[in-house]
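A.B. asks: sequence-free structure coming up:
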């Protein structure tokens with residue numbers, strides 16, 4: 001579960017956050033949808049880093 005969240009978080013952050021930064025620098029346009037996608041990706045990354053998997057005892 002932890003590696004799945006990290007993978008999804010990285011993909012979302014690179015996809016949306018990268019597009020946001022490129023468009024912000026190139027066009028000076030602030031697209032809220034790409035910004036929110038990048039923030040959600042970062043939140044998923046943080047949750048993935050602190051998630052604890054349930055282990056069988």
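C.D. replies: Cool, got the structure. The structure presented is a predicted model; accordingly, all values stated were derived computationally and were not measured. Numbering: from 1, shown residues only.

A.B. asks: By mean pLDDT, which helix or strand of the protein comes out lowest?
C.D. replies: In the chain, no helix or strand scores lower on mean pLDDT, DSSP states H and E than helix 2-12, which sits at a mean of 87.

A.B. asks: Give me the residue at the spatial middle of this structure.
C.D. replies: With distances taken as CA atoms, centre = their mean, residue 41 lies nearest the centre of the chain, 1.6 Å away.

A.B. asks: which residues in this structure form helices?
C.D. replies: 2-12, 18-27, 32-50 (DSSP state H).

A.B. asks: looking only at pLDDT, what's the mean for the longest one?
C.D. replies: Averaging pLDDT along helix 32-50 yields 90.

A.B. asks: For residue 2, see how far away residue 45 is.
C.D. replies: As defined by CB to CB, to the nearest Å, residue 45 lies at a distance of 11 Å from residue 2. No exception for glycine: its C-beta is placed from N, CA and C like everyone else's.
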